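S.K.: structure here, sequence nowhere to be found:
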């Protein structure tokens, strides 16, 4: 179909110049005929041509009257087309629209031949006018159908990729919500039967109010879901009228904001069946192709939700096992206030090996320990538990910090006998003596601790270190001795917190130190929570995090 107002030569049957030659076939092709005298602008035509332009049978017969009926958006193009027609003889075709009343438009196509006068110049145009509105509408409907099909197929590809990457129910429903409008839907709920009850296990909607309304199922939703579960087949309601016809008792519940519904049964790998209820704000035809795509999309959603449930169950189990290896309850030692946190950032069974500890030493000191086993796996977490136990045992035997790390290093080196499963670990071990503020620090490949004193800004301690544990069996670890004043705070963390800012440890360290300002007089429980929350909100946590703060109390501090 040519653009509106376009003019071009067209194949046209070679008739005599007498316009009467066209009228013989008027009743066969249902076309209006015309003859336009170019010099005078006079138009002679049949009643159908006038009717197609919305003009009465006795209407005016000049070209300006016909131009007045042309839609304003096409008028300039039609005028230009007529200018071209008046310049040379030949066959022409013009497409344009006229106003048909009630805000609608009629598409017309005029085909004709410009005939010369006695002087050989263009004198008049004779031809036919046909109503092409139906053709345009069919083409437009086909164009829309192809566009919608391409859009839905693209969304299916995007949905498949998004669902493959999502591992939590929240992420999966976010992916589903992004594509709701592709199907013309505005809300979705996954519903599972539990005895005599139906429970919404996941939902999403265009707005919070719509999602809230899905959490409590009304009689209409329950009816459609129960039927889809009983029949194990989709229940598709294309309009509010169809709902009332099929379920008269639900008429009072038909909401004007919802005009169509689809309840689709979902079956998981164990054969358990649930249902997905989708609502639409506009009536739907549910053509075969659309129905098949909708069923396929909901099938993908069901598989992803099942996988997410497994991941979340595994992660809850793994996290609980890992937390069981860490100290239980608050860490309390005389003369020192301690606050510690562990924050997991992975899912499923992929858990990390970060740990922290506070150990009362036989000589009256307290050991503050933080470590990080390489990788994320059950193996890494179990190795963390063994290393924590080893450090705890060596410390209780009364060994100094360097000896504790050296013994732990030899243990891990022996455990790393298989190169395919070998892991290394970093660790920072500090022995603090509250009686006089003496501090002994040893590092095995771990980031240095930070010190915050009442009169100085937070800073990293310049302490020497050695290789991570598990690499060199004969590695020795130097000890740094210093003294801190009462009210000072020591801060130890793993690289998961320091690398949260764009994987840049320098930026992360600066943010970490900024978050420690005021720690000497603040509630340390609030400080550790704020450090984790601000980093998670601004940058996310791509790795597990262990964090431990310890304040040397003043002599008169009863805490």
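M.R.: Yep, it's here. The shown structure was predicted, so the numbers you read here are calculated from the model rather than taken from an experiment. Numbers count the residues shown, from 1 in each chain.
S.K.: look at the residue located most distally from the centre of the chain and give its secondary structure.
M.R.: Largest separation from the mean C-alpha position in the chain: residue 118, at 73.0 Å (CA atoms, centre = their mean). Secondary structure, DSSP: H, G, I helix; E, B strand; the rest coil: residue 118 is coil.
S.K.: do the same with the one 10 residues further on
M.R.: Residue 128 carries the three-state label strand when classified by three-state DSSP.
S.K.: near it, how many other residues are there?
M.R.: Neighbourhood size, residue 128 [other CB atoms under 10 Å]: 22. Placement of C-beta: from N, CA and C, glycine included.
S.K.: tell me how far it lies from residue 48.
M.R.: From residue 128 across to residue 48, the span is 10 Å (CB to CB, to the nearest Å).
S.K.: same question, residue 553
M.R.: Residue 553 sits 102 Å away from residue 48, going by CB to CB.
S.K.: check residue 221 too.
M.R.: Applying CB to CB, the value for residue 221 to residue 48 is 54 Å.
S.K.: have a look at the two and say which one is more surrounded.
M.R.: residue 221 (23 against 18).
S.K.: from memory that one sits against residue 277, does it?
M.R.: Yes - between residue 221 and residue 277 there is a contact under CB atoms under 8 Å: 5.8 Å.
S.K.: find the residue closest to residue 468 in space, skipping its chain neighbours.
M.R.: residue 445 (3.3 Å; CB to CB, 6 or more residues apart in numbering).
S.K.: now do the same contact list for that neighbour.
M.R.: For residue 445, the contact set (CB atoms under 8 Å, 6 or more residues apart in numbering) comprises 424, 426-427, 465-469.
S.K.: of those, which pair is most distant in space?
M.R.: Greatest spacing in the contacts of residue 445, by CB to CB: 424 and 465 (13.8 Å).
S.K.: name whatever forms a beta bridge with the residue nearest to residue 468.
M.R.: Residue 445 has these beta-bridge partners by DSSP bridges: residue 427.
S.K.: and if you look at residue 548?
M.R.: residue 340, residue 492.
S.K.: just to revisit the earlier point, hey, what's in contact with both of residue 128 and residue 48?
M.R.: 31-33.
S.K.: mind putting those residues into TSV with secondary structure?
M.R.: Putting these into TSV (three-state DSSP) gives the following:
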residue	secondary structure
31	coil
32	strand
33	strand
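S.K.: can I get those residues in TSV including neighbour count, pLDDT and distance to residue 90?
M.R.: Formatted as TSV, those follow (neighbours: other CB atoms under 10 Å; pLDDT from 0 to 100; distance: CB to CB, whole Å):
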residue	neighbour count	pLDDT	distance to residue 90
31	22	85	20
32	23	92	21
33	23	92	19
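S.K.: between these, which sits nearest residue 479?
M.R.: Of the shared contacts of residue 128 and residue 48, the one sitting nearest to residue 479 (CB to CB) turns out to be residue 31, at 103.1 Å.
S.K.: so how far is residue 51 from the nearest residue to that closest one once chain neighbours are set aside?
M.R.: Distance criterion CB to CB, 6+ apart; nearest residue to residue 31, sequence neighbours excluded, is residue 128 at 4.2 Å. As defined by CB to CB, residue 128 lies at a distance of 14 Å from residue 51.
S.K.: now swap in residue 94 and tell me
M.R.: To residue 51, residue 94 is 18 Å away according to CB to CB.
S.K.: between these two, which has more neighbouring residues?
M.R.: Taking neighbours as other CB under 10 Å, residue 94 and residue 51 compare with residue 94 leading, 26 against 14.
S.K.: in terms of helix, strand or coil, where does that one fall?
M.R.: Here residue 94 takes the strand state, with states given by three-state DSSP.
S.K.: show me the domain layout of this protein.
M.R.: According to automatic domain parsing, the chain comprises the domains 7-131, 149-316, 326-552.
S.K.: turn those into a markdown table, including distance to residue 141.
M.R.: A markdown table is the format used below for the domains of the chain (distance: least, CB to CB, whole Å):
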| stretch | distance to residue 141 |
| --- | --- |
| domain 7-131 | 14 |
| domain 149-316 | 12 |
| domain 326-552 | 46 |
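S.K.: give me whichever of these is most buried.
M.R.: domain 326-552 (a mean of 18; mean count of other CB atoms under 10 Å).
S.K.: can you verify my assumption that residue 387 contacts residue 412?
M.R.: Yes - the pair residue 387 and residue 412 passes the contact test of CB under 8 Å, sitting 6.6 Å apart.
S.K.: what sits in contact with each of the two?
M.R.: With CB under 8 Å, 6+ apart, residue 387 and residue 412 have common neighbours 425, 469.
S.K.: before we move on, which element is residue 338 in?
M.R.: According to DSSP states H and E, residue 338 maps onto strand 336-343.
S.K.: packing partners for that strand?
M.R.: Other elements packing on strand 336-343 under the criterion 3 or more CB pairs under 8 Å, 6 or more residues apart in numbering; DSSP states H and E are strand 352-360, helix 524-539, strand 545-552.
S.K.: what's it in contact with?
M.R.: 322-323, 326-327, 330-332, 354-356, 358, 366, 368, 432, 434, 496, 524-525, 527-529, 532, 536, 541, 544-553, 557, 559.
S.K.: what's the spacing between it and its chain's center?
M.R.: 35 Å (CA atoms, centre = their mean, to the nearest Å).
S.K.: please apply the same query to stretch 139-151.
M.R.: Going by CA atoms, centre = their mean, where stretch 139-151 is centred and where its chain is centred differ by 26 Å.
S.K.: and what of stretch 297-306?
M.R.: Computed by CA atoms, centre = their mean, the separation of stretch 297-306 from the middle of its chain amounts to 16 Å.
S.K.: so what touches that stretch?
M.R.: Against stretch 297-306 from outside (CB under 8 Å, 6+ apart): 156, 159-160, 163-164, 166, 169, 172, 176, 179, 183, 190, 201-202, 264, 266-269, 274, 276, 278.
S.K.: how about the residue nearest to residue 243 when sequence neighbours are not counted, what does it touch?
M.R.: Closest residue to residue 243 apart from its sequence neighbours, by CB to CB, 6+ apart: residue 237 at 4.9 Å. Shown in contact with residue 237 (CB under 8 Å, 6+ apart): 224, 243, 246, 260-262.
S.K.: and which of those is nearest to residue 507?
M.R.: Set against residue 507, the nearest of the contacts of residue 237 by CB to CB is residue 262 (49.0 Å).
S.K.: thought that closest one was touching residue 233?
M.R.: No - proximity of residue 262 to residue 233 does not meet the contact threshold set by CB under 8 Å, at 11.6 Å.
S.K.: how about the secondary structure of residue 55?
M.R.: Three-state secondary structure (criterion: three-state DSSP) places residue 55 in coil.
S.K.: quick one: it and residue 386, what's the gap?
M.R.: 95 Å.
S.K.: need the pLDDT of residue 25.
M.R.: Per-residue pLDDT puts residue 25 at 38.
S.K.: low-scoring stretches of the stretch 151-300 of the chain, by residue?
M.R.: 181, 208-216, 254-257 (pLDDT under 70).
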